[in-house]
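Student: only geometry, no sequence info:
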Ligand SMILES: Nc1ncnc2c1ncn2[C@@H]1O[C@H](COP(=O)(O)OP(=O)(O)OP(=O)(O)O)[C@@H](O)[C@H]1O
Ligand SMILES: C[C@@](O)(CCOP(=O)(O)O)CC(=O)O
């Protein structure tokens, strides 16, 4: 056969998330959470590494050029007894920090592909290069930077002059977005469209299930999964999957891993007897014209795990009181989704205030700093700015970026920016309005030509 080899270069991007309402309660399948996708995306470009004839390279290279020392090279091999594909980070020259999320995702996705596509047994995997490009809002800008997000034009993918380990994340869900984009780009790069097509409901389901499993494994805990769900599906009302689903899966490299993984990922929850029981309700979510969700970065970040432990300890000791609070919080999730979807601006205002109060109450009872005093003070003042409909410390709360629901016009934006400038000055902190906005779309294919400049910059 003659002709050019098929160019399998693909780019997939996935959105960040903001859990506007439903933090903590969404960990329980009885309840749901209202999550919005964000315009800040993580893009992953996958392409083959060209090799000269006769040269056999077995390498997958992942690069994150916005950070120092962020090129990870992996060798890979097929493990006996159906253990799937195991990757090993290769070190040469300056030692590189490992990237647990990337390494784990490669183990899961390559193992999935090796079993889902029987032709891989003989063909193996061609070497590939994966380029990660994150929109700037995922990390606070470098301290010594003279640029501010709103007064100048930083490059589309800024260099953060730090290692990933030392980067200040803003809490937009970088790990879920990178795991989802990496998973989708590997699936689209290595599998024929008949086995994976992101534009179909079947393709999105495979992506969701596989990214969810890989992300849980990399996190070392089973969260609600709302972040991966919104990275794949975009804004939705989310009900989690039963955590027990993942319990029976062998770990990467263990006997029977690849087959069990494919069995679980391909399982169709819609069919009778299907295992996956998560619910993605996109119908109940919308952002009316004229209303926007924006984020305010306070450059801190929060340890979600210890907060969840405190809330759960309180819930377990006070089941009745907790049941009541959780029930009231669910009422706010439903009311907020409805008010936003219908564009009932007054109702948005009416729901968000009491919702914050309930979350603060949960924090006080459990000893978790869900809405720390400094955040409370700032949000109370911010809500008085004309055009601001409501605000909330989203997700688990703490010091992650706060979410603001506001009228989507220039005057309101200017007033909010002015307020935050003054607040920063008078309180000796750095708080600013991020460029990121709530949006509804999930993971999507991008045009690789748009990313040429960054590929060429290698
Ligand atoms: N641009 C990137 N390139 C490569 N890996 C990344 C990138 N951004 C994030 N990661 C991976 O994700 C990890 C961060 O995950 P972590 O769960 O701590 O943050 P997060 O998902 O942003 O948290 P949050 O849910 O609070 O927003 C990093 O340690 C790294 O492994
Ligand atoms: C507390 C929790 O419900 C939300 C955490 O949200 P975030 O990571 O703070 O955005 C945990 C979870 O749902 O996994």
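Tutor: Here it is on my side, so go on. Keep in mind it's a predicted model, so treat the numbers as computed, not measured. Ligands and ions are numbered 1, 2, ... in the order given.
Student: now the stretch 1-150 of the chain, which segments are flagged as low pLDDT?
Tutor: Along the stretch 1-150 of the chain, the model assigns pLDDT under 70 to residues 1-5, 52-56, 142-150.
Student: residues in it within reach of ligand 1, list them.
Tutor: The stretch 1-150 of the chain comes close to ligand 1 at residues 64, 99, 100, 101, 102, 132, 134, as judged by Cβ under 6 Å from any ligand atom. From N, CA and C alone the C-beta is placed, and that goes for glycine too.
Student: pull out the buried residues from those residues.
Tutor: 64, 99, 101, 102, 132, 134 (16 or more other Cβ atoms under 10 Å).
Student: from those, which is closest to residue 74?
Tutor: Nearest to residue 74 among these, counting by Cβ to Cβ, is residue 102 at 8.5 Å.
Student: leaving out chain neighbours, which residue sits closest to the closest one?
Tutor: In space, and not counting its chain neighbours, residue 102 is closest to residue 62: 5.2 Å by Cβ to Cβ, 6 or more residues apart in numbering.
Student: residues from the stretch 1-150 of the chain in reach of ligand 2?
Tutor: 19, 23, 24, 26, 27.
Student: quick one, what contacts residue 68?
Tutor: Neighbouring residues of residue 68 by Cβ atoms under 8 Å, 6 or more residues apart in numbering: 161, 162, 163.
Student: mind checking which of the residues you listed land in strands?
Tutor: Applying DSSP state E to the contacts of residue 68, no entry is found in strands.
Student: who wins for most neighbours among the residues you listed?
Tutor: Within these, residue 162 tops the neighbour count with 17 neighbours, counted by other Cβ atoms under 10 Å.
Student: so which strand or helix has residue 429?
Tutor: Here residue 429, judged by DSSP states H and E, is contained in no helix and no strand.
Student: the closest residue to it other than its chain neighbours - how many residues pack around it?
Tutor: Nearest residue to residue 429, sequence neighbours excluded (Cβ to Cβ, 6+ apart): residue 298, at 6.7 Å. Using other Cβ under 10 Å, residue 298 has 24 neighbouring residues.
Student: is it true that residue 298 touches residue 434?
Tutor: No. Judged on Cβ atoms under 8 Å, residue 298 makes no contact with residue 434 at a distance of 10.6 Å.
Student: re earlier: pLDDT and distance to residue 430 added to the contacts of residue 68, as CSV?
Tutor: Output for the contacts of residue 68, formatted as CSV (pLDDT from 0 to 100; distance: Cβ to Cβ, whole Å):
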residue, pLDDT, distance to residue 430
161, 93, 17
162, 94, 16
163, 94, 21
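Student: which of the residues you listed lies closest to ligand 1?
Tutor: residue 163 (10.1 Å; Cβ to the nearest ligand atom).
Student: ok so residue 356 is a strand residue?
Tutor: No. Counting by DSSP: H, G, I helix; E, B strand; the rest coil, residue 356 falls outside a strand, being helix.
Student: counting neighbours, what do you get for the closest residue to it other than its chain neighbours?
Tutor: Nearest non-adjacent residue to residue 356, counting by Cβ to Cβ, 6+ apart: residue 392, 5.8 Å away. Residues within reach of residue 392, counting by other Cβ under 10 Å, total 26.
Student: what bridges to residue 392?
Tutor: residue 403 (DSSP bridges).
Student: OK, contacts around it?
Tutor: 20, 21, 352, 355, 356, 359, 379, 402, 403.
Student: quick one: it from ligand 2, how far?
Tutor: 11 Å (Cβ to the nearest ligand atom, to the nearest Å).
Student: any idea how far residue 317 is from that residue?
Tutor: For residue 392, the distance to residue 317 (Cβ to Cβ, to the nearest Å) stands at 26 Å.
Student: cool, and residue 241?
Tutor: Distance from residue 241 to residue 317, by Cβ to Cβ: 27 Å.
Student: show me which of the two is the more surrounded one.
Tutor: Counting neighbours by other Cβ under 10 Å for residue 241 and for residue 317 shows that residue 241 has the greater number, 23 against 10.
Student: surely that one touches residue 276?
Tutor: Yes. Using Cβ under 8 Å, residue 241 is in contact with residue 276, at 5.7 Å.
Student: make CSV out of the residues of the stretch 1-150 of the chain next to ligand 1 and add secondary structure.
Tutor: Shown next, in CSV, are those (three-state DSSP):
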residue, secondary structure
64, coil
99, coil
100, helix
101, helix
102, helix
132, strand
134, strand
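Student: mind putting these in JSON lines, distance to residue 122 included?
Tutor: Listed next are those as JSON lines, based on distance: Cβ to Cβ, whole Å:
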{"residue": "64", "distance to residue 122": "33"}
{"residue": "99", "distance to residue 122": "30"}
{"residue": "100", "distance to residue 122": "31"}
{"residue": "101", "distance to residue 122": "30"}
{"residue": "102", "distance to residue 122": "27"}
{"residue": "132", "distance to residue 122": "30"}
{"residue": "134", "distance to residue 122": "36"}
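Student: from those, which is closest to residue 251?
Tutor: residue 100 (13.9 Å).
Student: distance check, the residue lying closest to the closest one once chain neighbours are set aside against ligand 1.
Tutor: Nearest in space to residue 100, with sequence neighbours left out and distances taken as Cβ to Cβ, 6+ apart, is residue 218 at 5.6 Å. Residue 218 sits at a distance of 8 Å from ligand 1 (criterion: Cβ to the nearest ligand atom).
Student: per-domain residue ranges of the protein.
Tutor: The chain breaks down into these domains under automatic domain parsing: 10-283+446-453, 291-439.
Student: just give me the neighbour total for whatever residue of the stretch 51-200 of the chain ends up closest to ligand 2.
Tutor: Per Cβ to the nearest ligand atom, residue 171 is where the stretch 51-200 of the chain lies closest to ligand 2, at 5.9 Å. Number of residues near residue 171 (other Cβ under 10 Å) recorded here: 26.
Student: do I have it right that it meets residue 403?
Tutor: No. Counting by Cβ under 8 Å, residue 171 sits too far from residue 403 to count as a contact (10.2 Å).
Student: how close does the residue of the stretch 51-200 of the chain closest to ligand 2 sit to residue 440?
Tutor: 20 Å.
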